[in-house]
Structures are given as C-alpha cells and as structure tokens.
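K.L.:
coords below, sequence missing:
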C-alpha cells in the first residue's frame, strides 16, 4: 500500500508540474496576443493615421509636409518647394549627413494652415512597451542629395550666417519620409512586418534610421543624437544594420522612417 501511495504521489506531482507548464504556456500565449493587439491598435491609430494625413496634406498643398527648403548659394537664397525644410538644432556647422528634418510643431501648424484637423498633441503617439506606454514623436524629413553632392541649407528664409549649414550626400537613395522617433524596437519590428512583409529594417517602405538606449527629446537633442543616418541607402550606422537592424534589448528604442517617394 505504501508503494502504491508513493506512486500516486509521484503521479500527482508530475500532473501538477504538467498543469503548471501548461498554464505558463497559456499565459505566455495570452500575453503575446495582448501585446500583438496593442501593437495593431498603435499601428492603426498612429502610423496609418499619419500616412493618411500626410497624403491629405500633399493633395491640398501640392507639396510634401514640411516644405519649403531654403538653400543658399552665391549670396542668394533659393526656395525649393518639393522637399521639407530643416529646423532641428545641429551639433556642428558641417555635417556628413544628407537629410533634413522638421520639428513636430512646424508640421502641425502647417497642416492646420491647410485646413487639416490636427492638434499639437497629435505629434506624439503612445506605443506599447515593456515599461508601459512609450511616447513616439512624429515629424517629417527628406534625403535630398546624391553621393559627393553638397548643399548649404538654412533654418529659415533669412539665411544669415548663424543658421546656414552644409549637408553632404553619401547615398544613392533619395526620398521624402515621415519620421517616428523613440519607437520600442519590438514595435518597430512588428510594424515593418505589417508594412513590408519582412522585418529587416533595411529594404522597403519602413526602415531603421537609428537605435539607442534611452528615449530622445527632439526639442533639445542635437540632430546627430536624433538620427544617425548617412542617407536612406546606408542603414548600418548607429546600430542599424546586419542581424540587429532594428536594435535589441540593449538598444531598446529606434528612429524609423516611412518613405514616401
């Protein structure tokens, strides 16, 4: 009887272990489904919403969100209407970058001026993350130069010596894009898969521009802290590229671009 009782005890213990393992597996699956649902909601409410509003703006203005760009050559100011301008603070006067980037406040006011219903708070979306909701900042920008080409750009139409900066082309790719700053890396992977059908962060419409450890404040950060990019054709800089094209747990946040050719 003792051996039979002992056998039942072992069987009962094994059954309990199996039940615990099953419960853990079920909980993991449920948590995964909950997270997946939250990411899909974020994609609909933020990414899709901004793509729609961008296209709406273009149809009304006949130019990309954030236009125009002011350039300076031979003492003259030129206005380029088919690309966004630049007003993100720079860290130095000459940068080996070939992109321009607008502040969110500029594009919000510009959209309002063209009759699009949008508020200042819409420049921030909240994405699910392991630490709770993460504020994601939306802006617009463009990669405007070919390799070896340089251009002097101005922060505004004044083009005084204090606000003229030199950009240098370093990639063959060109494009206008929406920028999503401080995306949790796992959310970026899921969105890339949703948009491009593959989550490598390199090819397609949704690409990785930078990966970093802490969220960035776009209003105070220097441009090379916001995006480490050498053109849309080179995603290997700043931990974007290779097998970790969207970063990893040690680089938990990314800046991504939705490219609009």
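P.N.:
That came through, no problem. Quantities reported herein were computed from a predicted structural model and do not represent experimental measurements.
K.L.:
pLDDT below threshold where in this structure?
P.N.:
1-8, 88-98, 170-173, 217-251, 261 (pLDDT under 70).
K.L.:
which stretches of it form helices?
P.N.:
2-42, 49-61, 104-113, 185-196, 223-226 (DSSP state H).
K.L.:
tell me which of the ones you listed lies nearest to residue 210.
P.N.:
helix 223-226 (7.5 Å; C-beta to C-beta). Where C-beta positions appear, they are placed from N, C-alpha and C, glycine not excepted.
K.L.:
hang on, the earlier thing: of all the helices of the chain, which lies closest to residue 143?
P.N.:
helix 223-226 (13.7 Å).
K.L.:
now the helices of the chain in JSON lines, with mean neighbour count and distance to residue 154?
P.N.:
JSON lines is the format used below for those (neighbours: other C-beta atoms under 10 Å; distance: least, C-beta to C-beta, whole Å):
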{"stretch": "helix 2-42", "mean neighbour count": "11", "distance to residue 154": "36"}
{"stretch": "helix 49-61", "mean neighbour count": "16", "distance to residue 154": "21"}
{"stretch": "helix 104-113", "mean neighbour count": "18", "distance to residue 154": "14"}
{"stretch": "helix 185-196", "mean neighbour count": "21", "distance to residue 154": "32"}
{"stretch": "helix 223-226", "mean neighbour count": "19", "distance to residue 154": "15"}
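K.L.:
for residue 77, find the nearest of those helices.
P.N.:
helix 104-113 (18.4 Å).
K.L.:
hang on, the earlier thing: indicate which one of the helices of the chain is closest to residue 132.
P.N.:
Nearest of these to residue 132, taken as C-beta to C-beta: helix 2-42 at 11.2 Å.
K.L.:
and of the helices of the chain, who's closest to residue 139?
P.N.:
helix 104-113 (5.1 Å).
K.L.:
which residues does the closest one contact?
P.N.:
When contacts are defined by C-beta atoms under 8 Å, 6 or more residues apart in numbering, helix 104-113 is touched by residues 53, 57, 65-66, 85, 87, 118-120, 122-124, 137-140, 218.
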